[in-house]
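Colleague: My questions are about this predicted structure, shown below with the sequence.
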Amino acid sequence: MHLDKLPPLSDPGRIAEIGYSARESWRMLEIMAEFVEATERLAPIRPAVSIFGSARTPPDHAYYMLTEDIARKLSDAGFSVISGGGPGIMEAANKGAYFGKSPSVGLNIQLPHEQSANPYQDISQTFRHFFARKVMFVKFTAAYVVMPGGFGTMDELFEALTLVQTGKIAPIPIILVGSGFWAGLAEWVKDRLVSEGMISPEDVDLMRIIDRPEEVADVIFSHYEKRGFMPSMAEREIQLNL
């Protein structure tokens, strides 16, 4: 559209459009502020493990109790535990860590429904934007522990697998807990994605399925026994380009 054909500045539609554009510009500053604040608050928590799972799991469910047990074992082993800060599996993860020896961290997200902060957080950080929150899950974690869950859990799982596969982050343990829940997905990955050339056969080994809570810490320690938990300078440079 030529400038001489634009509606006058007094036109309500154009006023609304200008106002929306200004809000979009200011939103960039809000996103920057989220990254800066979260980085400053979370930098001291290493080593840490991120635990994901369904927000809809009730406290009397076996998955909830299993998650609480795993989180407590990780906390007592010296790992801060990071969860999404909400109910269900997230609450179980925070609760287990809260009563352990290491910090319980909740990365909360503002949602229209389902998400409300649980009370078991030593460090609580709230985000408006999913992508900023997802970067923080990756940036400060030494391992992913993935419990049974829905779309959000699958999103986090495949995000982690993609980042490791493409070399955007250093390899980390990606542990799926519960063979009864995850075995079908693992078989589909092998039967479909590998057989049709969508991924390489070795990509299947980026995730590991286990059932016993005590195995989680063992798998993580085994992965890091030769290199240490803190990222190298080269790995930190890679993380800057997440």
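Modeller: In hand now; what should we look at?

Colleague: where does this protein dip in pLDDT?
Modeller: Low-confidence segments of the chain, defined by pLDDT under 70: 1-20, 112-115.

Colleague: Spatially central residue in it, please.
Modeller: Phe137 (3.9 Å; CA atoms, centre = their mean).

Colleague: what helix or strand is that one on?
Modeller: Assessed by DSSP states H and E, Phe137 sits inside helix 130-139.

Colleague: Leu74 reaches Gly100, doesn't it?
Modeller: Yes. Using CB atoms under 8 Å, Leu74 is in contact with Gly100, at 7.5 Å. C-beta coordinates here come from the backbone N, C-alpha and C atoms, glycine included.

Colleague: Name the residues contacting each of those two.
Modeller: By CB atoms under 8 Å, 6 or more residues apart in numbering, Leu74 and Gly100 have these common neighbours: Val81.

Colleague: Tell me which of the two has more neighbours.
Modeller: Comparing Leu74 with Gly100 by other CB atoms under 10 Å, the one with more neighbours is Leu74, at 28 against 20.

Colleague: contacting residues for the more buried one?
Modeller: Contact partners of Leu74, counting by CB under 8 Å, 6+ apart, are 49, 81, 96-97, 100, 102, 145, 216-217, 220.

Colleague: so it, which of the three states?
Modeller: Here Leu74 is helix, with the state taken from DSSP: H, G, I helix; E, B strand; the rest coil.

Colleague: Which residues does the helix holding Phe137 contact?
Modeller: Residues contacting helix 130-139 (CB under 8 Å, 6+ apart): 31, 34-35, 38-39, 42, 50, 82, 84, 107, 109, 125, 127, 156, 159-160, 163, 169, 239, 242.

Colleague: Just put the contacts of Leu74 in a markdown table and tack on distance to Gly228 and secondary structure.
Modeller: Output for the contacts of Leu74, formatted as a markdown table (distance: CB to CB, whole Å; DSSP: H, G, I helix; E, B strand; the rest coil):
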| residue | distance to Gly228 | secondary structure |
| --- | --- | --- |
| Val49 | 15 | strand |
| Val81 | 20 | strand |
| Gly96 | 25 | helix |
| Ala97 | 22 | helix |
| Gly100 | 22 | coil |
| Ser102 | 17 | coil |
| Val145 | 20 | strand |
| Val216 | 19 | helix |
| Ala217 | 16 | helix |
| Ile220 | 12 | helix |
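
Colleague: How much space separates the residue lying closest to Phe35 once chain neighbours are set aside from Ser75?
Modeller: In this structure, Phe35 finds its nearest non-sequential neighbour in Ala132, 5.9 Å apart by CB to CB, 6 or more residues apart in numbering. Applying CB to CB, to the nearest Å, the value for Ala132 to Ser75 is 25 Å.

Colleague: quick one: which of the two has more around it?
Modeller: A count of neighbours by other CB under 10 Å puts Ser75 above the other of Ala132 and Ser75, at 22 against 19.
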